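[1] I'd like to go over a predicted model; first the sequence, then the structure.
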Amino acid sequence: MSELGQVLQRAREEKGITLDDIQRITKIQRRYLEAIERGHFHVLPGHFYARAFIKSYAEAVGLDPNHILTHFQSDLPAQPPTEQVERLRRRRVASANNPLQAGRWVTKTLLVLFIALIIGVIYFAVVNNNGQLTQPMPGGTVNPGAEIVTPGTGGGAATSPIAQQPKPPSITTPNTETGTTPPETVTETPQATITFESQQGSMYSYSLQGGEKITVYLKIKDETSWFGISEGKGKKYVEQGTLKKDQEKTIELGKSAYIRLGKPTVVELKVNGVLVDTSKMKSMPSNITMKVKEAVTQ
């Protein structure tokens, strides 16, 4: 038995490990492990495998493999010149039989770049399409000059386009006495404007101009959401309940409204036909107050 084999065997026995345990850990056949302990290195399949097996054995029993290989270098079998020549020959034959091996990584790289290009084109198209979408407003018309104030991160107000209520046509009757038709007159409906006033936590405050009363319209875009609506905070709910996807609810109130939404981001909210943006209301629930603001007389 060689000194190297004795050192490895002693370390194995001190840890209470059997050769079967070493075989299971290293995947090295038991007969090779026994040959290492006995110093029969000629049984091992070549100089390269002898060093690799000894290194794995040393790691399995908690020894430093590099120290073992260096310290017992003289115990290891010398590498025969024929083995070196055979290994070089095998490498050359393998390279000659697989001329495309060097180009495989090029093909994989091109495939990954192609997939990334397709994803980029799809993302660019989706972003452009979203940027061109417009929200349909009540009445089917859009007034580019009208503005609605939407909630932001600060106490200031930010503006966005709102819908203009269609003007009702006036009705004229012919003058039967004179046989003439009086000139047509146009009656204008005050334009509704909603202004964001302030935000405190989950409470959003708005003011409404251009209306004597408040009409609240709810529609669920996705999932479900609970709602409660009253004519002021702390007052009894006029309407409350749970709406499912595509369900709608319209409630008429006085000059003030308190709206509580369980999931505001899935609710389409309109007040007097004007869309109120709830997409940035992340609190669940969120609370909205709306008051009619009296027009200032000159």
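    Alright, I've got the coordinates.
[2] point out where this protein drops to low pLDDT.
    Scanning the chain for pLDDT under 70 picks out 1, 77-89, 91-103, 130-190, 295-298.
[3] so which strand or helix has residue 37?
    Assigned by DSSP states H and E, residue 37 belongs to helix 30-38.
[4] hmm, I typed the wrong one, I wanted residue 8.
    If you go by DSSP H and E, residue 8 is part of helix 3-14.
[5] can you list the buried residues in the helix holding residue 37?
    32-33, 35-37 (16 or more other Cβ atoms under 10 Å). Where you see a C-beta, it was placed from the backbone N, CA and C, and this is true even at glycine.
[6] equivalent analysis for stretch 40-49, please.
    Across stretch 40-49, burial judged by 16+ other Cβ under 10 Å covers 41, 44, 47.
[7] quick one, strands of the stretch 1-150 of the chain?
    Along the stretch 1-150 of the chain, the stretches classed as strands by DSSP state E, counting those that start in this stretch are 143-150.
[8] on that earlier part again, nearest to residue 70, of the buried residues of helix 30-38?
    Lowest distance from residue 70 to those (Cβ to Cβ) belongs to residue 36, with 16.8 Å.
[9] was I right to think that closest one contacts residue 55?
    No - Residue 36 is beyond contact range of residue 55, at 10.7 Å (criterion: Cβ atoms under 8 Å).
[10] quick one on the thing from earlier: how about the helix holding residue 8 as CSV, C-alpha atoms only?
    The C-alpha trace of helix 3-14 is given here as CSV (Å, rounded to 0.1, in the frame of the first residue of the first chain):
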residue,chain,number,x,y,z
GLU,A,3,1.7,6.3,1.5
LEU,A,4,-0.9,8.3,-0.6
GLY,A,5,-3.4,5.4,-0.3
GLN,A,6,-2.8,5.2,3.5
VAL,A,7,-3.5,8.9,3.9
LEU,A,8,-6.7,8.7,2.0
GLN,A,9,-7.9,5.6,3.7
ARG,A,10,-7.1,7.0,7.2
ALA,A,11,-9.1,10.2,6.4
ARG,A,12,-12.0,8.1,5.2
GLU,A,13,-12.1,5.9,8.3
GLU,A,14,-11.8,8.8,10.7
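[11] helices and strands around that helix, which ones?
    With contacts taken as 3 or more Cβ pairs under 8 Å, 6 or more residues apart in numbering; DSSP states H and E, helix 3-14 sits against helix 30-38, helix 47-60, helix 65-71.
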